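# Sequence below, structure please.
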Amino acid sequence: MIDVRRAGDRFHTAIDWLDSWHSFSFSRHYDPTNVGHGLLLVSNDDRVAPGQGFGTHAHQDMEIVTWVLEGSLAHQDSAGNSGVITPGVAQRMSAGTGIRHSEMNASTDEPVHFLQMWVRPDTAGIEPGYEQVDIGERLDSRELVPVASGQGHEGAVHLRQEGAVLWAARLDEGWSVTVPAAGHVHVFMARGSARTTVDLAEGDALRLTDEPEQELTATADDTEVLIWETT
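Predicted coordinates for the structure are as follows:
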């Protein structure tokens, strides 16, 4: 099955410091027919004003992957982890038995644009954990690069969920990658545009269920695509 979701059809949260688009049910936005795709439960497309952000809040039993598109995001958590995430740096936080963290725009002058994506772990009640890895140089290959993986892909942050892999590619016009075949595949156009069986613009998503591999070709320079492959 092929399900096309357009950018403007996503749930939307807009307040003075936050502009957020939600691919699936999130917070006060709820649709029982749209609560995830495969193991992917949350995919939020967030823009946060300078010096603002999400104050300290709690998570439990969730694998949370954050990917910055523009700007810089500062992380701090109750396990003593801290870091600043910039484009090309993959971050994974395992909430496990429970963790509190904050995510703030690290700049007082420029907004930050980032994606945050959640999958459930294989096992509940694991020890919380944190990891960040710079994979920016590998994205210059114009191929799909593993960002987060529960299957041991070299160079990716490690997910405590063996049924999930997140891939990313940065492409110029005319470059192509192969969308993998899996039980559930979520293709998200982070920026730019591409063509598969349909034309996809920035913010659009393609949800594939038990579909074979297919080619995705960028139709604009500076295109960036994120692909979740899950059971």
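# and Ala95, how many residues sit next to it?
Look at Ala95: counted by other C-beta atoms under 10 Å, it has 21 neighbours. Every residue, glycine included, has its C-beta placed from N, CA and C.
# check contacts around the residue positioned nearest the centre of the chain.
By C-alpha atoms, centre = their mean, the chain has its centre lying nearest to Met117, at 4.3 Å. Shown in contact with Met117 (C-beta atoms under 8 Å, 6 or more residues apart in numbering): 40, 42-44, 64-67, 166, 226, 228.
# Kindly state the beta-bridge partners for it.
Met117 has the following beta-bridge partners by DSSP bridges: Ser43, Val65.
# For Asp222, see how far away it is.
21 Å (C-beta to C-beta, to the nearest Å).
# ok, Asp210 - how many residues close by?
A count of neighbours around Asp210, defined by other C-beta under 10 Å, yields 10.
# Which strands and helices lie in contact with the helix or strand harbouring it?
Using DSSP states H and E, Asp210 falls within strand 205-211. Under the contact criterion of 3 or more C-beta pairs under 8 Å, 6 or more residues apart in numbering; DSSP states H and E, strand 205-211 touches strand 2-5, strand 182-191.
# and Ile85, which of those strands is closest to it?
Proximity to Ile85 (C-beta to C-beta) singles out strand 182-191 among the helices and strands packed on strand 205-211, at 14.7 Å.
# which element follows the closest one toward the C-terminus?
strand 194-195.
# which secondary structure elements does that following strand contact?
Using 3+ C-beta pairs under 8 Å, 6+ apart, strand 194-195 is in contact with strand 214-218.
# cutoff 10 Å now
Counting by 3 or more C-beta pairs under 10 Å, 6 or more residues apart in numbering; DSSP states H and E, the packing neighbours recorded for strand 194-195 are strand 176-179, strand 214-218, strand 223-230.
# Let me have these in CSV, extended by distance to Ala201.
What follows is the helices and strands packed on strand 194-195, written out as CSV (distance: least, C-beta to C-beta, whole Å):
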stretch, distance to Ala201
strand 176-179, 17
strand 214-218, 12
strand 223-230, 10
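# export stretch 127-142 as PDB, just CAs?
Output of stretch 127-142 as PDB, limited to C-alpha atoms (Å, rounded to 0.1, in the frame of the first residue of the first chain):
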ATOM      1  CA  GLU A 127      18.600   1.900  31.600                       C
ATOM      2  CA  PRO A 128      18.400   5.400  30.100                       C
ATOM      3  CA  GLY A 129      21.100   6.300  27.600                       C
ATOM      4  CA  TYR A 130      22.400   9.000  25.300                       C
ATOM      5  CA  GLU A 131      24.500   9.100  22.100                       C
ATOM      6  CA  GLN A 132      25.400  11.500  19.400                       C
ATOM      7  CA  VAL A 133      27.500  10.900  16.300                       C
ATOM      8  CA  ASP A 134      28.600  13.300  13.500                       C
ATOM      9  CA  ILE A 135      27.800  11.700  10.200                       C
ATOM     10  CA  GLY A 136      27.900  14.900   8.100                       C
ATOM     11  CA  GLU A 137      30.800  13.900   5.900                       C
ATOM     12  CA  ARG A 138      29.300  10.600   4.900                       C
ATOM     13  CA  LEU A 139      26.200  12.500   3.600                       C
ATOM     14  CA  ASP A 140      28.500  14.000   0.900                       C
ATOM     15  CA  SER A 141      28.400  10.500  -0.700                       C
ATOM     16  CA  ARG A 142      24.900  11.300  -2.100                       C
END
